[in-house]
Structure formats: C-alpha cells, structure tokens
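Asker: model this:
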Amino acid sequence: MKQALGMLETTGFTPAMVALDTMDKTATIRVVQAEINDFLGVIIKLKGPVDAVKAAIDAGHHIAELMRGKPVSSVINRPDEEAWKAIKSDIEYNPLIQQNVVTVPQWTAESPDKSEDMTVSSSASFALGFIETQGFTAVFEAIDNACKAANVEVIGKEKLGGGYVTVVIKGDVAAVNAAIEAGQSKVEGLGNLIAAHVIARPSESVLSLLPK
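Answerer: Numbers count the residues shown, from 1 in each chain. Got it, this is the predicted structure:
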C-alpha cells in the first residue's frame, strides 16, 4: 500500500459516523472499511495522500472528542505489506449480534461508486439522524416517538455489544432535526442516551457504511 493509512477509533457508532463525515468533507480521502469490537468500539480506516489523511484524522478526532467518543487516532505512512495483512480485515459476520463486524463501503444511488481517482466528495441533499442508547427499550421508545414527530424513514440499526444500539433515520433537515429532538426526550428513565445527532448533507463515505 503506497498511500498513508489513517485510523480513528471511537466509543460508540454515532461519533464514528459523524467523524467520518467530517473527515470526508475535510480532505481527499477514501474510506477502506469500518470494524467493530465486542466492547463498544468502532474503528474507521481510510487512505489517501499523507497530508490529506493527517488533516482528515485531525478533524475527525476533534469532532469525536467533542461528542465524548473517547477517540484514539493514528496515521501510518506507507504501511508495510505484511502488516497490511492484519490491518485490513475480511468481511466478518457475528451471529450473536446478527450483523457484520467488518464493513466495506457499499456505494448506493445516493453515493455512487467512488473511484480511486475521485478527488471531490459530494454530499447528499437529505439529512441523517442518529439515536444511540445503551438499552433496547430506550432506543425503541425513542425511535417510535421520532417517527411520530416528523416524516422520516428508518434506514438501519447498528449494535455494538454492551447494550449499545443505534437507529439511523433519513429525511429533510427540518424533519430529521424535529425527529431526533423528539426521540431523545423519551430516553430518560429507560436507558442511557449515548448520542443524538443530525448530519445534514451526509458525505458519500458515511452513506457507504450505513447499517441496513
């Protein structure tokens, strides 16, 4: 691998996705994959020219820190080919949580195939909303209230273990903001609110790694 490798690890899925959105909008990078462990952690791996990767990682680390995602980050210039065999993981499915724990980008109609030579990240015209809780009851109550409050679409759910569950919604910016605000108000007393966040005009890299 001739390019630099950037790694950003957070506690919680939402800080990782918000950081990825920031990184993709900060510099010309390409997301390689996301990998989760069994103790609340998510690592985003990306590549690109070393200066771009450093700028992206710095920006992502900062926003993840603001979201209390306890970020850990590093940049490796030109990773060794032998080391790369361990760094890049095969797609892996965990039957216990019934989802992949290693995810590679899946480009969609909203996020078309991002070729190696693409230099500019475009953004979608809609917003994404994330509600992340520790506890299923809390997130289910929250998302029901969110959907009743505004015209939004549920597009995925991500589980990290340790009771962390994230539901992702989609809609126009005003609707998603109203839904997330309504949803998070239902969490108290039912579980712990880990994150509630709206990404306006999400980047292609975020769209490519969304849970189904």
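Asker: which ones are touching the residue nearest to the spatial centre of the chain?
Answerer: Centroid-nearest residue in the chain: residue 17, 2.1 Å away (criterion: CA atoms, centre = their mean). By CB atoms under 8 Å, 6 or more residues apart in numbering, the contact set of residue 17 is 128, 130, 199, 206, 209-210. For the C-beta atoms, the positions are set from N, CA and C on the backbone; glycine is no exception.
Asker: could you do residue 154 as well?
Answerer: Residues in contact with residue 154 (CB under 8 Å, 6+ apart) are 143, 147, 167-169.
Asker: widest-spaced pair of those residues?
Answerer: By the measure CB to CB, 147 and 168 form the most distant pair in the contacts of residue 154, at 12.4 Å.
Asker: those two: who's more crowded?
Answerer: A count of neighbours by other CB atoms under 10 Å puts residue 168 above the other of residue 147 and residue 168, at 25 against 18.
Asker: which element is the closest residue to residue 153 other than its chain neighbours on?
Answerer: The shortest distance from residue 153 to any non-neighbouring residue, by CB to CB, 6 or more residues apart in numbering, is to residue 170 (4.8 Å). Using DSSP states H and E, residue 170 maps to strand 164-171.
Asker: just list whatever residues bridge to residue 9.
Answerer: Residues in a beta bridge with residue 9, per DSSP bridges, are residue 43, residue 72.
Asker: that one: neighbour count?
Answerer: If you count neighbours by other CB under 10 Å, residue 9 ends up with 21.
Asker: do the same with residue 83
Answerer: Using other CB under 10 Å, residue 83 has 12 neighbouring residues.
Asker: so how far is residue 94 from residue 144?
Answerer: As judged by CB to CB, to the nearest Å, residue 144 and residue 94 stand 26 Å apart.
Asker: with residue 18 instead?
Answerer: According to CB to CB, residue 18 stands 24 Å off from residue 94.
Asker: the two: who's more crowded?
Answerer: residue 18 (26 against 14).
Asker: for the more buried one, what is the enclosing helix or strand?
Answerer: Using DSSP H and E, residue 18 sits within helix 13-26.
Asker: also residue 97?
Answerer: Under the criterion DSSP H and E, no helix or strand holds residue 97.
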